[in-house]
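A.B. asks: no sequence on hand, only this structure:
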């Protein structure tokens, strides 16, 4: 038996491991991804600098729309980045994207500023296609990675990620005003170097991690949402203020600084979350004295047989799936399971997605790309046109966040199919098109809001739908494939329809002045008629896409009516069980680890271990939802059968109120909404069992989850005699809790329902585990108290009667 001593705190090189944990942590990765995505929306600024390209290079509207189409082609054809992500690490994907971004936009800047000879049209198309295509590498590298790391929160995650992309246009506008002044040519240079630098800075932070649950996950996401909403309103306020008031250069610099501060604020949340994680590890996993006992017995043949068949089965299944990849193209799995690439692309669901993307994103891209010319044709000044672009960018953000968060809420609460949000977005876009086709004073402001909102919502919801219907195995390729109809729609609608009709109206105006096309350098149309027919067509196309999406809503209603996240919760639980068992084997090689947690001395710790081991106590786990009557029935069991009642919650609260160092630690964790580590609860139970002097225990409200169960068995080496499960309907439990009014802070309707959900998701797997071992005794807890106890007595009494009969037989003999 050897004793080792370790040092708590940050001394002795503790700061460097903490910094490493922050940099490699999941929250830092998310914050870095937000920053990358905030720089990945340069394509939305085409309406700002397209006028410079048109004037400098002498393009007509059709040529400019052709350039815009290649921009959309690059921005939406991300199959290359998806396939590259299938075979290379994430850092390489981001690196390639950075090089492409700088190369493409830098060449455009050189051409527009006349630093190189005027390129041919096909060369300009290639430059802008390469630059725009780089945003797919940012999407694939950061967005796809985050979705795979947070599959159960993908709606919120995608809403936030795409939301920051939606804000990028307004962010870049503030930055280029601060750095270059009102020089839209320099904006092209800015969107060339800045996104590349951001991706390179965080190239090693973005990586796929093993999925796991986090007690603060929802809270952190809402904090990120709050930051992004404040940033959106800040950008909107700055945009409006800069339109009404003339800002000095210093004013623009201050504005840009505030925007940058908001963009970096998520990193403070990341550091906070990692600090709490680090503090918990230092306090709970680094005891001052650990007595290492004999190693665990070697693995037996029986234990191997329990593991090997499952492992072999998984290998066989995996090989079978790989072998049948092409054979099952026309026999896809159920919705939500992992499709192969060809199974997904050839499915009816994907066909409907393609139609919706062609109509919705094709029309929206056309509207965005022509926004500058729309403002010009209606007589708006250049500053106001920039305002349209910024407002569209901001409402693009709101659409993305709405599609992510609101669709997640209505899906979980009402089981409404998520494609319905896309259908609504298509309808709103049609309304915006009508407002441009038949404008009145100020209607373009409303149209820019509607089209921006619809455009953003379609982007977020598209990525979510693809991940849900076709699985995450080939998500990096499939979500890029799903965007393919977008540039096709942009080409057909923008170049072949809108561009041609605009040039036709412009030529009519030139002819009315007695001039020919060769006599004017720039073909410009002025008046309401310039976009009337073309945007009426766009409105009709959006309505057709709306109808196609409603078909998808009808087809997927049964799928969305079920539990679409169950498989990921099962995977997280499996990961957590594995981690808990590993931690238990490593941390709890002896019961003496409780020295730190319980504040006892080395010798006392050894006595505790031996004392509990000698008693071989009988343990009954008592489980049931909040308000199921566990506490009442435990008191009766104690009175009639001599058990000692131990409530995990009461022990934690008592320790918290004791004022001890451990109590303060528990208080801090509860205040932060964190789950107290299993090790703490197990040690408190262990200490109470020894101090009770009894050998029969009712442990109430524990284990709450599989990690609790694994830690308890690993530390105490005790399995329960059985699990007493009080099964009670949720409505009855809610009524009881509200009626008892004990003054507890968590006895309010919102918190009660959250506790119900936690019980269903966390504790029921424990019950199923012991049920498979035949150790669950289920009680109908909805009955009156005395009837419930009669059922309880029937469970405990046979054991007592059996002992009495044995004593009687012995007396007779």
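C.D. replies: Okay, I see it. Because the structure is predicted, anything quoted here is derived from the model rather than measured. Residues are numbered from 1 along each chain as shown.
A.B. asks: phi and psi next, for the most centrally placed residue in the chain.
C.D. replies: Within the chain, one residue has its C-alpha closest to the average C-alpha position: by Cα atoms, centre = their mean, that is residue 157, at 3.0 Å. Comment: the main-chain dihedrals of residue 157 come out as phi -60, psi -50, following degrees, to the nearest 10.
A.B. asks: just checking, it touches residue 146?
C.D. replies: Yes: between residue 157 and residue 146 there is a contact under Cβ atoms under 8 Å: 5.5 Å. (C-beta placed from N, C-alpha, C; glycine too.)
A.B. asks: okay, and the common contacts of those two?
C.D. replies: When contacts are counted by Cβ atoms under 8 Å, 6 or more residues apart in numbering, the set common to residue 157 and residue 146 consists of residue 30.
A.B. asks: for the residue nearest to the centre of the chain, which non-adjacent residue is closest in space?
C.D. replies: On the basis of Cβ to Cβ, 6 or more residues apart in numbering, the spatially nearest residue to residue 157 that is not a chain neighbour turns out to be residue 150, at 4.9 Å.
A.B. asks: number of residues surrounding residue 348?
C.D. replies: 11 (other Cβ atoms under 10 Å).
A.B. asks: right, and it touches residue 555 too?
C.D. replies: Yes: in this structure, residue 348 is within contact of residue 555 by Cβ under 8 Å, at 7.4 Å.
A.B. asks: against residue 417, how distant is the closest residue to residue 330 other than its chain neighbours?
C.D. replies: With sequence-adjacent residues excluded and distances taken as Cβ to Cβ, 6+ apart, residue 330 is closest to residue 346, at 7.2 Å. In this structure, residue 346 lies at 22 Å from residue 417, with Cβ to Cβ, to the nearest Å as the measure.
A.B. asks: look at these two and report which has more neighbours.
C.D. replies: In terms of neighbours (other Cβ under 10 Å), residue 417 is the more surrounded of residue 346 and residue 417; the figures are 24 against 14.
A.B. asks: got a list of what the closest residue to the more buried one other than its chain neighbours touches?
C.D. replies: Residue nearest to residue 417 in three dimensions, not counting chain neighbours: residue 560, with 4.3 Å by Cβ to Cβ, 6+ apart. Applying Cβ under 8 Å, 6+ apart, one finds that residue 560 lies in contact with 411, 415, 416, 417, 418.
A.B. asks: among the residues you listed, which pair sits farthest apart?
C.D. replies: Spanning the widest gap among the contacts of residue 560 are 415 and 418, at 10.3 Å by Cβ to Cβ.
A.B. asks: neighbour-wise, which of those two wins?
C.D. replies: For residue 415 against residue 418, the residue with the higher neighbour count under other Cβ under 10 Å is residue 418, and the figures read 23 against 14.
A.B. asks: where do the strands sit along the stretch 1-150 of the chain?
C.D. replies: In the stretch 1-150 of the chain, the strands defined using DSSP state E, counting those that start in this stretch lie at 2-4.
A.B. asks: can you give me the helices in it?
C.D. replies: Secondary structure of the stretch 1-150 of the chain, counting by DSSP state H, counting those that start in this stretch: helices at 15-24, 26-38, 46-57, 61-76, 79-87, 90-112, 121-138, 144-149.
A.B. asks: out of those helices, nearest to residue 188?
C.D. replies: For the helices of the stretch 1-150 of the chain, proximity to residue 188 was assessed by Cβ to Cβ; helix 90-112 is nearest, at 4.3 Å.
A.B. asks: and the angle from the closest one to helix 121-138?
C.D. replies: With axes from the mean of the first three to the mean of the last three Cα atoms, to 10 degrees as the basis, helix 90-112 and helix 121-138 are set at 150 degrees to each other.
A.B. asks: buried set for helix 90-112?
C.D. replies: For helix 90-112, the buried set under the neighbour-count rule, 16 or more other Cβ atoms under 10 Å, comprises 90-91, 93-98, 100-102, 104-112.
A.B. asks: now do stretch 172-181
C.D. replies: Neighbour counts using 16+ other Cβ under 10 Å place 172, 173, 174, 175, 176, 177, 178, 179 of stretch 172-181 among the buried residues.
A.B. asks: ok, now stretch 774-784?
C.D. replies: For stretch 774-784, a neighbour-count test (16+ other Cβ under 10 Å) marks 775, 776, 777, 779, 781, 782 as buried.
A.B. asks: and the residues you listed, which is closest to residue 542?
C.D. replies: For the buried residues of stretch 774-784, the minimum distance to residue 542 (Cβ to Cβ) is 52.4 Å, reached by residue 782.
A.B. asks: any idea which element that closest one lies in?
C.D. replies: Secondary structure from DSSP states H and E places residue 782 outside every helix and strand.
A.B. asks: roughly how far does it sit from residue 757?
C.D. replies: 20 Å.
A.B. asks: related to what we said a few turns ago, mind listing the shared neighbours of residue 348 and residue 555?
C.D. replies: Contact criterion Cβ under 8 Å, 6+ apart; no residue bridges residue 348 and residue 555 by contacting each.
A.B. asks: quick one, strands of the stretch 501-650 of the chain?
C.D. replies: Listed in chain order, the strands of the stretch 501-650 of the chain (DSSP E, counting those that start in this stretch) span 618-624, 644-647.
A.B. asks: the residue nearest to residue 157: neighbour count?
C.D. replies: Residues near residue 150, counting by other Cβ under 10 Å, number 21.
A.B. asks: repeat for residue 516
C.D. replies: Based on other Cβ under 10 Å, the number of other residues close to residue 516 is 10.
A.B. asks: go through this protein and flag its longest helix.
C.D. replies: With secondary structure taken from DSSP state H, the chain has its longest helix at helix 249-284.
A.B. asks: if you count neighbours, what's buried in that helix?
C.D. replies: 251-252, 255-256, 259, 262-263, 265-267, 269-274, 277-280, 282-284.
A.B. asks: got it, and stretch 234-252?
C.D. replies: For stretch 234-252, the buried set under the neighbour-count rule, 16+ other Cβ under 10 Å, comprises 234, 235, 236, 238, 239, 242, 247, 251, 252.
A.B. asks: tell me the contacts of the first one?
C.D. replies: Contacts for residue 234 were tallied using Cβ under 8 Å, 6+ apart; they are 258, 259, 262.
A.B. asks: test for you: state the pLDDT assigned to the first one.
C.D. replies: To tie it back to what came earlier, the one meant is residue 258. Model confidence at residue 258, given as pLDDT, is 95.
A.B. asks: now the one 4 residues further on
C.D. replies: Residue-level confidence at residue 262 comes out at 95, pLDDT.
A.B. asks: same question for residue 705.
C.D. replies: Note on residue 705: pLDDT of 80.
A.B. asks: so it versus residue 566, what's the distance?
C.D. replies: Taking Cβ to Cβ, one finds residue 705 at 16 Å from residue 566.
A.B. asks: quick one, which of these two is more surrounded?
C.D. replies: Neighbours of residue 705 and residue 566, each counted by other Cβ under 10 Å, are more numerous for residue 705; the result is 24 against 12.
A.B. asks: that older thread, residue 39: which of the buried residues of stretch 774-784 is nearest?
C.D. replies: Residue 39 lies nearest to residue 776 out of the buried residues of stretch 774-784, by Cβ to Cβ, at 54.1 Å.
A.B. asks: in a helix, that's where residue 473 is, yeah?
C.D. replies: No: if the criterion is DSSP: H, G, I helix; E, B strand; the rest coil, then residue 473 is coil and not within a helix.
A.B. asks: I'd assumed residue 448 was in contact with residue 364.
C.D. replies: No: between residue 364 and residue 448 there is no contact, the gap being 11.4 Å when judged by Cβ under 8 Å.
A.B. asks: and those two? which has more neighbours close in?
C.D. replies: residue 364 (32 against 28).
A.B. asks: residue contacts, residue 446?
C.D. replies: Contacts were defined as Cβ under 8 Å, 6+ apart; by that measure residue 446 touches 432, 435.
A.B. asks: sounds good, over and out.
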